[in-house]
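>>> sequence first, predicted coordinates after that:
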Amino acid sequence: MGHTHHNHSHSHPDVKGRNLIISILLNILITVSQVIGGLVSGSLALLSDALHNFSDVMSLVISYIANVLSKKEASTNKTFGYKRAEIIAAFVNSATLIVVAIILIKEAVERFLTPQEIESDLVIWLSLLGIAANGFSVFLLKGTTSNNMNMKSAYLHLLTDMMASIAVLVGGLLMKFYQVYWVDTALTLAIALYLIYMGYDLLKNSTRVLMLFTPHTIQVQKIVEAIKRIRHIRNVHHVHIWQLNDSEVHLEAHIDFKEDIKLSEFDIILEQIEEEMYHEYGINHVNIQPEFGKCDSKNVIVQD
C-alpha cells in the first residue's frame with residue numbers, strides 16, 4: 001500500500017487568533033451599545049443589528065476556539081487531530097447567519113403591522129459606531145480568509161454587519177430629515193435577505209466537506225483515466241476522493257497491475273501518480289492499494 005501527502009500550508013495562526021480576539025471585544029462593545037440604543041430609540045433596525053452583532057460575538061468565539069483546536073497535534077485516538085474543527089465552525093457560523101435572518105424577517109413583519117416613531121439621532125450615532133468597529137474588524141480578518149472556511153465565515157459575519165450598520169445609518173438619516181419611519185422595517189428585511197444570500201453558499205460548501213463529498217472542482221472519471229494511462233496499470237477502482245479541511249484533499253483507490261511488479265517499481269509509479277494528482281488536480285494526500293489478479297469489484301465507485 002502506498003501513502004503520501006504534500007503539505008503546503010502557509011497559515012499564521014497567531015495572527016488569526018489575535019485578530020479574532022480584537023474583533024470579539026469590539027463586537028461586545030457594539031452589541032451592548034446597540035441593545036441599549038435600540039431600546040431607548042425604539043429602532044427595530046438597531047435592535048436587529050445588535051442581534052446580528054451578538055451572533056457575530058458567538059461566531060467569532062467559535063472561530064477562535066476552532067482556530068486553537070486546529071493547531072493541536074494528532075494522537076492515537078485522534079489520528080487526524082482536530083483538522084475539521086474549523087470546518088465545523090464554518091458550518092455553525094453560516095447556519096447561524098440564516099437563523100438570525102429568519103428571526104429578523106419575523107420581527108420586521110411584526111413591526112410593519114405596528115409601526116412606531118423612532119429616535120433617529122441615537123440610531124445615527126450608534127450605526128456610526130458599528131460601521132467604525134466592524135470596518136476595523138473586517139480589515140483585520142480580510143488577509144486571513146484565503147483558503148480558510150472558518151476565517152471566511154467570521155469575516156462574512158463582520159462584513160454583513162458592517163453593511164447592515166451602513167443601512168441603519170441611511171435609514172436613520174431618512175427618518176431624521178424626512179420622517180420616513182417605515183424605512184426602518186424595510187432595511188431590516190433587506191439586512192435579513194442579504195444574510196441568507198451570504199450564508200447559504202458557505203453553508204453549502206462546509207456541508208460538502210463534512211459529508212465527505214468529492215470537491216466540485218474534481219471529476220473522478222478524469223482522474224481514473226489519467227492514472228490508467230500510466231504504464232503497467234490495467235484498472236483503477238474503489239475510488240474515494242474527499243476534502244478533509246481547507247488545505248487537504250485526499251485520494252484513495254485500488255489499482256490493478258497488468259504484471260506482478262516489484263515493490264520498487266510500484267514506488268516509482270506511485271511517485272508519478274502523486275505528482276500528477278497534486279499538480280493537475282490539487283490532491284495532496286494519496287493512498288493507493290496495489291493489486292494483481294485479485295478477485296474483487298472493479299467498479300470505480302464501490303459502496304463500502
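Sure, I can see it. Numbers count the residues shown, from 1 in each chain.
>>> check whether Thr145 sits in a helix, strand or coil.
At Thr145 the chain is in coil, as set by DSSP: H, G, I helix; E, B strand; the rest coil.
>>> how is this structure divided into domains?
For the chain, automatic domain parsing gives the domain ranges 2-210, 220-291.
>>> winner for burial among those domains?
domain 2-210 (a mean of 19; mean count of other Cβ atoms under 10 Å). The C-beta positions use only the backbone N, C-alpha and C, and glycine is treated the same way.
>>> that older thread, turn the domains of the chain into TSV, including distance to Ser297 and mean pLDDT.
Shown next, in TSV, are these (distance: least, Cβ to Cβ, whole Å; pLDDT from 0 to 100):
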stretch	distance to Ser297	mean pLDDT
domain 2-210	20	81
domain 220-291	7	95
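>>> tabulate those (CSV), appending distance to Val300.
Listed next are the domains of the chain as CSV, based on distance: least, Cβ to Cβ, whole Å:
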stretch, distance to Val300
domain 2-210, 19
domain 220-291, 5
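>>> of all those, which one is nearest Lys298?
Nearest to Lys298, of all those, is domain 220-291, at 4.8 Å by Cβ to Cβ.
>>> what is the end-to-end distance of the closest one?
End-to-end distance for domain 220-291: 20 Å, by Cα to Cα, to the nearest Å.
>>> look up the closest residue to the residue nearest the centre of the chain, ignoring the ones flanking it.
The structure's the chain has its C-alpha centroid closest to Met149; by Cα atoms, centre = their mean the separation is 2.9 Å. Nearest residue to Met149, sequence neighbours excluded (Cβ to Cβ, 6 or more residues apart in numbering): Ala90, at 3.7 Å.
>>> so what touches stretch 23-38?
43-44, 46-47, 49-50, 53-54, 56-57, 60-61, 64, 122-123, 125-126, 129-130, 133-134, 136-137, 140-141, 154, 158, 161 (Cβ atoms under 8 Å, 6 or more residues apart in numbering).
>>> how about stretch 89-101?
With Cβ under 8 Å, 6+ apart as the test, stretch 89-101 has contacts from 51-52, 55, 58-59, 62-63, 65-66, 149-150, 152-154, 156-157, 160, 191-193, 195-196, 198-200, 202-203, 205-207, 210.
>>> try 6 Å
With contact meaning Cβ atoms under 6 Å, 6 or more residues apart in numbering, stretch 89-101 is reached by 52, 55, 59, 62-63, 66, 149-150, 153, 192, 195-196, 199, 202-203, 206.
>>> tell me who's in contact with Met277.
Counted by Cβ under 6 Å, 6+ apart, Met277 has contacts 251, 283, 286.
>>> would you convert these into JSON lines that also reports distance to Glu110?
Shown next, in JSON lines, are those (distance: Cβ to Cβ, whole Å):
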{"residue": "Leu251", "distance to Glu110": "52"}
{"residue": "Ile283", "distance to Glu110": "51"}
{"residue": "Val286", "distance to Glu110": "56"}
